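Asker: This is the structure alone, sequence omitted:
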């Protein structure tokens with residue numbers, strides 16, 4: 001133990017900061033590290049107090065003590081201490097706040113006092129799902145005083161006629177996110193964007209964007225020439241052509257997030273020569289015709305782009321038959337195989353032939369998430385050798401009634417075939433790998449290792465050990481209430 005203590009003392013503050021940056025969100029580990037010695041403590045508390053989040057869960061009953069005590073005890077009180085307050089860089093207020101008005105509700109005054117204590121705030125998120133209408137009335141005037149504030153996220157709690165004039169006084173923002181923008185804020189947004197045009201790099205209008213009409217969207221164009229990331233939520237007022245024409249006018253656009261909905265009218269093919277990252281949100285697709293139209297829409301957007309990241313995220317529950325998205329995968333293998341690094345279409349079914357072709361041709365892939373048949377999963381290891389950079393795989397198996405559990409031998413075979421593969425998730429069952437000096441082990445030993453049964457082997461070699469990780473498995477629709485009773489089988 002003395003030797004270990006001497007080794008840890010040698011690590012400098014700068015080295016520890018680099019190490020802790022990799023575990024910045026693992027608060028139990030950071031807290032444990034802060035107890036080692038003074039150097040560890042000074043490095044760990046930088047990350048422990050970097051983010052302050054207040055997000056009460058929904059409560060069907062009124063708790064009179066919750067808001068009165070939350071900011072007076074524990075972490076929130078500790079973050080306001082003079083030696084910790086300068087470390088706070090991010091504040092998030094979300095969840096279900098009390099709807100009681102002040103002075104019955106002390107949260108307003110407590111939050112105001114906290115912000116006054118945190119002068120180095122860089123990011124502020126004010127997006128509660130439930131709140132009193134004046135919850136941020138005293139907070140918004142304080143934000144322009146924060147010299148380092150560069151990112152803000154707000155929702156309707158800050159965007160009504162009363163609060164919008166206070167919000168648009170902010171300057172020098174680099175990231176602006178507005179959830180479900182109201183007409184009150186949209187009327188002021190063009191002028192505000194004009195004031196932010198030199199500094200703003202990311203603009204996100206998310207969730208319900210029904211008030212964003214073609215005219216409103218076009219009014220943003222002169223002020224978004226430096227914006228590299230743009231997000232737009234669902235608006236039935238906008239056609240594909242309306243959106244495509246605006247995208248083409250943004251010369252610095254590199255990343256897009258968009259909420260897709262089916263349109264039957266034909267559209268133009270936009271030229272987006274700098275687009276590298278595309279995220280598309282959509283509703284469940286259960287017919288082949290709809291899937292083909294969706295694939296054509298994606299192809300139009302990325303045809304002229306050096307695409308590196310594609311994420312297709314279904315916003316609701318996936319049900320019904322698994323329709324094929326093969327036309328899109330065929331396009332990716334033909335046009336973007338050399339550049340594509342991240343492909344996340346975990347709710348999109350891909351046939352066996354095109355999946356194997358994808359693995360053979362898209363050799364730059366680092367993360368892969370798709371839905372497959374059982375046969376495709378069984379053949380994955382035969383082509384995984386081509387994916388030399390692949391480190392994360394997420395697979396969902398469709399078109400079957402009985403759930404099967406991946407055996408450690410099957411996962412270990414994938415690890416040996418794809419040299420950098422470290423995380424595999426199959427139907428919510430997650431596996432990770434570690435490197436350790438060990439002799440050859442059986443599958444039973446792998447599970448023992450996962451439980452912490454470490455063994456010391458003097459003459460062992462370097463080998464990967466598969467570690468089953470804790471993960472909640474998403475049940476199939478027909479399995480709800482009876483997953484525990486289902487018979488589990490292995491691939492091999």
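Answerer: Nice, thanks for sending it over. This structure is a prediction, so every number in the text was calculated from the model and none was measured.

Asker: The helix or strand harbouring residue 17: what's the following helix or strand?
Answerer: Counting by DSSP states H and E, the secondary-structure element that holds residue 17 is helix 13-22. Once the chain leaves helix 13-22, the next helix or strand it forms, by DSSP H and E, is helix 27-34.

Asker: Outside of that next one itself, list whatever touches it.
Answerer: Judged by C-beta atoms under 8 Å, 6 or more residues apart in numbering, the contacts made with helix 27-34 from elsewhere in the structure are 20, 23-24, 40-41, 43-45, 47-48. Glycine gets a C-beta too; all of them are placed from N, C-alpha and C.

Asker: Return the set of buried residues in it.
Answerer: 30, 33-34 (16 or more other C-beta atoms under 10 Å).

Asker: How about stretch 320-340?
Answerer: By neighbour count on 16+ other C-beta under 10 Å, the buried set for stretch 320-340 is 322-333, 335-337, 340.

Asker: Start and end of that stretch, how far apart?
Answerer: Stretch 320-340 stretches 29 Å from its first residue to its last (C-alpha to C-alpha, to the nearest Å).

Asker: do stretch 251-262 as well
Answerer: Stretch 251-262 stretches 27 Å from its first residue to its last (C-alpha to C-alpha).

Asker: same check, this time on stretch 164-178
Answerer: End-to-end distance of stretch 164-178 (C-alpha to C-alpha): 11 Å.

Asker: Just the contacts of helix 27-34: which are in helices?
Answerer: 20, 40-41, 43-45, 47-48 (DSSP state H).

Asker: Run through the helices of the stretch 1-150 of the chain in chain order.
Answerer: Counting by DSSP state H, counting those that start in this stretch, one finds helices in the stretch 1-150 of the chain at the ranges 2-10, 13-22, 27-34, 38-48, 66-69, 74-79, 107-117.

Asker: And the strands in the stretch 301-450 of the chain?
Answerer: Using DSSP state E, counting those that start in this stretch, the strands of the stretch 301-450 of the chain run over 309-314, 342-349, 367-372, 392-397, 404-405, 423-426, 429-438.

Asker: for the ones you listed, which one sits closest to residue 250?
Answerer: Put simply, out of the strands of the stretch 301-450 of the chain the one that sits nearest residue 250 is strand 309-314, at 17.9 Å, with distance taken as C-beta to C-beta.

Asker: If you count neighbours, what's buried in the closest one?
Answerer: Using 16+ other C-beta under 10 Å as the test for burial, strand 309-314 gives 309-312, 314.

Asker: what's the angle from that strand to strand 342-349?
Answerer: Counting by axes from the mean of the first three to the mean of the last three C-alpha atoms, to 10 degrees, strand 309-314 points 30 degrees away from the direction of strand 342-349.

Asker: Quick check: closest non-adjacent residue to residue 35.
Answerer: residue 41 (7.4 Å; C-beta to C-beta, 6 or more residues apart in numbering).

Asker: how far away is the one you found from residue 149?
Answerer: The spacing between residue 41 and residue 149, counted by C-beta to C-beta, to the nearest Å, is 28 Å.

Asker: Please work out the average pLDDT along stretch 219-233.
Answerer: Per-residue pLDDT over stretch 219-233 has a mean of 97.

Asker: ok, now stretch 116-133?
Answerer: If you average the pLDDT over stretch 116-133, you get 95.

Asker: and that stretch, how far apart are its ends?
Answerer: Taking C-alpha to C-alpha as the measure, stretch 116-133 stretches 22 Å from start to finish.

Asker: Same check on stretch 155-166?
Answerer: Distances were taken as C-alpha to C-alpha; on that basis the terminal residues of stretch 155-166 are 14 Å apart.
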